[in-house]
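S.K.: Here is a sequence together with a model predicted from it:
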Amino acid sequence: MSKEPGAGDIITKKLKDIRREGEEREAERLAAEKGILYLDLRTAPVSLEALALLPEADAKEAHLAVVQKKKKELAVILSRPDAVESKKIIQKLAQEGYAVKRYAVSESGLAEAWRSYTHVAKETAGITGKFEIEKGRLEAYSKDLSTMEAVQRELGKLDFTALLTLQIFEIVVAGALANRASDIHFEAEEKQAKIRFRIDGILHDIYDNLPPRNYHALSSRIKLLSGLKINVQNEAQDGRFTIELTKKDVEVRVSSIPSEYGETIVLRILDPDTINIDLETLGLREDDLKIVEREILKPNGLILNTGPTGSGKTTTLYAFLKRVNSPDIKIITIEDPIEYHLGGVEQTQVDPKTGYTFVNGLRSILRQDPDTILVGEIRDTETAEIAIQASLTGHLVFSTLHTNDAVGAVPRLVDLGVKATSVGPALTLVIAQRLVRRLCLSCKKKISISEELKRKIDTFISRLPPRVNREKYTHPEIFEAPGCAECNHTGYRGRVAVFEFLETGPEFEEAILKQVSEVSLKHIAERQAMVKMQEDGVLKVILGITSFEEVEKATGPISW
């Protein structure tokens with residue numbers, strides 16, 4: 001457990017910051033005096049390719065470094081612009097055909113650039129944005145690291161007096177893949193760093209005693225691999241790399257943010273097997289499946305999937321796209337970012353640097369005459385209005401929206417500034433979903449049901465809308481899972497969604513036009529026989545898929 005920094009630590013840090021600010025002001029003054037540019041290496045990136053143009057010894061002797069290279073243009077940083085050796089190096093680079101732009105930097109900034117030389121010889125040739133685990137070693141890891149305890153043991157065997165950066169990284173990545181982790185968290189603390197896996201939505205500590213020296217080397221390797229600025233630690237950065245396996249490539253999204261004791265890095269693992277599911281395996285009941293198939297086969301309309309981040313919305317919409325995809329229609333997506341690649345679908349990614357935003361991208365997509373469009377998320381009025389107009393002019397549009405339930409999508413769109421006269425006719429289906437953990441098939445066992453619970457379940461089933469096949473639930477069986485090696489002793493393995501589907505119709509459209517309250521819209525939804533997320537969750541408990549505890553965590557206390 002880390003302790004709060006003491007007064008001495010705070011004073012030391014403040015003094016260090018004051019000294020650095022003084023150095024930067026002096027470098028800025030020097031730049032103005034010499035008629036050259038100034039650069040602050042606390043925020044500017046250092047390219048290893050550029051750094052490698054000069055041997056480390058020559059760079060240090062000349063008090064400079066090459067930090068950026070763009071074709072034949074070089075950015076050279078100097079702390080002593082008038083030094084004889086500096087002038088010789090710059091003249092030599094010019095003779096080699098480079099156009100050199102000089103920048104004055106502080107001594108501390110130059111030292112930071114020089115520290116990146118530790119990666120040049122070993123890393124520049126091998127870091128390509130792809131991470132390969134040799135097939136035989138991967139198979140061994142998959143067998144040996146199939147539990148979290150095994151990953152902990154393997155890391156515990158390492159001698160951290162050596163850096164062992166690649167070995168640590170391979171164990172962590174292979175262990176995450178073997179345990180179906182969706183995220184790997186590297187967290188810097190005061191005296192050590194922590195590694196955690198997110199499995200089935202729950203974070204688990206894997207190793208909490210990684211020495212700072214090893215953590216720094218590991219974070220540098222991750223940043224190199226994912227194209228982040230290795231010398232910048234005080235700003236958030238995003239990147240990605242690919243894990244090349246024998247039968248598939250796994251994309252990894254990387255996020256780095258500054259924290260009190262260093263950088264916190266999260267790797268999100270985008271396993272393509274996650275989206276290799278169809279509508280039948282999403283966890284939809286038969287009556288909900290009929291609604292989906294009816295709505296997604298319509299030639300136009302707006303289908304919204306709502307829920308918080310990490311609730312499986314993208315996976316559900318991708319399953320919809322896979323069902324409607326055929327050679328005779330054109331499907332285009334605009335996403336931020338593209339998480340998974342779909343065959344036969346034209347996928348585009350938001351890029352604010354080039355002006356390709358959701359709004360501009362969606363306008364461009366409409367000029368391509370698509371039949372079906374997926375908009376990654378509706379975030380603002382313009383995106384919402386264009387998506388709605390597209391659905392009203394012959395396009396089937398899928399998108400996501402952040403609301404707590406299906407009915408909440410209507411007031412959310414109105415709050416964004418969309419006219420109620422457009423929302424009603426455009427909106428054809430709203431979905432809300434959450435993810436709950438599945439009981440482990442290897443250790444789950446049936447438990448007895450109390451008379452009180454049996455009465456509650458019977459009453460619950462009697463209130464279900466006629467469209468639900470009640471016969472399927474008349475003999476409820478409740479299960480629990482004590483935990484086993486197969487599920488890392490959690491009792492759960494994998495996740496499934498609980499859904500609610502809101503179909504719009506004349507009554508709903510009329511209510512939207514009148515701008516009635518959300519409470520009134522919920523009453524209309526109930527009259528239209530909507531099965532709520534919690535009710536879907538309870539039905540999944542009765543079928544032995546999940547537990548009451550999981551349903552309550554996702555949807556709140558059960559209202560019997």
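M.R.: Looks like it arrived, so ask away.

S.K.: From now on I want contacts and neighbour counts done on CA atoms only, so please keep to that.
M.R.: OK.

S.K.: remind me, longest helix of this structure?
M.R.: The residue-count maximum for a helix in the chain (DSSP state H) belongs to helix 7-34.

S.K.: in that one, what's buried?
M.R.: 20, 23, 24, 27, 28, 30, 31 (16 or more other C-alpha atoms under 10 Å).

S.K.: Next: stretch 448-467.
M.R.: In terms of neighbour count (16+ other C-alpha under 10 Å), stretch 448-467 has its buried residues at 457, 461.

S.K.: Please enumerate residues in contact with it?
M.R.: Applying C-alpha atoms under 8 Å, 6 or more residues apart in numbering, the contact partners of stretch 448-467 are 287, 470, 473, 474, 476, 477, 478, 529, 530, 531, 560.

S.K.: Report the buried members of these.
M.R.: Buried members of the contacts of stretch 448-467, scored by 16+ other C-alpha under 10 Å, are 473, 476, 478, 529, 530, 531.

S.K.: from the contacts of stretch 448-467, which ones fall inside strands?
M.R.: residue 478 (DSSP state E).

S.K.: which of the contacts of stretch 448-467 lies closest to residue 154?
M.R.: Nearest to residue 154 among these is residue 478, at 37.6 Å by C-alpha to C-alpha.

S.K.: The closest one is in contact with residue 447, isn't it?
M.R.: Yes - here residue 478 reaches residue 447: they are 5.9 Å apart, a contact under C-alpha atoms under 8 Å.

S.K.: which stretches of the protein aren't confidently modelled?
M.R.: Applying pLDDT under 70 to the chain flags residues 1-9, 121-129, 132-136, 138-139.

S.K.: Dump the buried residues of helix 7-34 to a markdown table, plus distance to residue 428.
M.R.: What follows is the buried residues of helix 7-34, written out as a markdown table (distance: C-alpha to C-alpha, whole Å):
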| residue | distance to residue 428 |
| --- | --- |
| 20 | 59 |
| 23 | 62 |
| 24 | 59 |
| 27 | 62 |
| 28 | 60 |
| 30 | 65 |
| 31 | 62 |
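
S.K.: and the residue of the chain most remote from its centre, what does it touch?
M.R.: Checked against the mean C-alpha position of the chain, the extreme residue using C-alpha atoms, centre = their mean is residue 84, at a distance of 50.0 Å. Contacts for residue 84 (C-alpha under 8 Å, 6+ apart) come out as residue 62.

S.K.: So it versus residue 18, what's the distance?
M.R.: To residue 18, residue 84 is 31 Å away according to C-alpha to C-alpha, to the nearest Å.

S.K.: Equivalent analysis for residue 160, please.
M.R.: 34 Å.

S.K.: got it, and residue 293?
M.R.: To residue 18, residue 293 is 64 Å away according to C-alpha to C-alpha.

S.K.: so who does the most centrally placed residue in the chain touch?
M.R.: Taking C-alpha atoms, centre = their mean, the centroid of the chain lies closest to residue 268, which sits 5.2 Å from it. Contacts for residue 268 (C-alpha under 8 Å, 6+ apart) come out as 182, 183, 184, 252, 253, 254.

S.K.: Correct me if wrong, but it is in a strand.
M.R.: Yes - Residue 268 sits within a strand when classified using DSSP: H, G, I helix; E, B strand; the rest coil.

S.K.: Can you show me the helices along the stretch 201-350 of the chain?
M.R.: For the stretch 201-350 of the chain, the helices defined by DSSP state H, counting those that start in this stretch cover 212-225, 286-296, 313-324.

S.K.: what does the stretch 1-150 of the chain give?
M.R.: Using DSSP H, counting those that start in this stretch, helices in the stretch 1-150 of the chain cover 7-34, 48-51, 56-61, 84-95, 107-115, 117-123, 135-144, 148-156.

S.K.: Now do the shortest one: everything it contacts.
M.R.: Think helix 48-51. 65, 66, 67, 68, 69, 74, 116, 117, 119, 120, 124.

S.K.: next one: it to chain centre, how far?
M.R.: Offset of helix 48-51 from its chain centre (C-alpha atoms, centre = their mean, to the nearest Å): 29 Å.

S.K.: Closest one of the contacts of stretch 448-467 to residue 380?
M.R.: Once C-alpha to C-alpha is applied, the member of the contacts of stretch 448-467 that ends up nearest residue 380 is residue 530, at 28.0 Å.

S.K.: That closest one and residue 555, how far apart?
M.R.: Taken as C-alpha to C-alpha, the span from residue 530 to residue 555 is 16 Å.

S.K.: same check, this time on residue 548
M.R.: 10 Å.

S.K.: Next: residue 314.
M.R.: Counting by C-alpha to C-alpha - residue 314 and residue 555 are separated by 20 Å.

S.K.: Same question for residue 368.
M.R.: Relative to residue 555, residue 368 is positioned 41 Å away (C-alpha to C-alpha).

S.K.: Look at these two and report which has more neighbours.
M.R.: residue 555 (19 against 11; other C-alpha atoms under 10 Å).

S.K.: Identify all contacting residues around stretch 208-226.
M.R.: 127-131, 160, 163-166, 168-169, 188, 191-195, 229-230, 239-241, 254, 263, 265.

S.K.: from the residues you listed, which ones fall inside strands?
M.R.: In this view, the contacts of stretch 208-226 that belong to strands under DSSP E are 130, 131, 188, 193, 194, 195, 239, 240, 241, 254, 263, 265.

S.K.: burial count for the first one?
M.R.: Look at residue 130: counted by other C-alpha under 10 Å, it has 17 neighbours.

S.K.: Of the contacts of helix 48-51, which is the most crowded?
M.R.: Busiest of these [other C-alpha under 10 Å] is residue 65, holding 28 neighbours.

S.K.: ok, now how distant is that residue from residue 97?
M.R.: Taken as C-alpha to C-alpha, the span from residue 65 to residue 97 is 17 Å.
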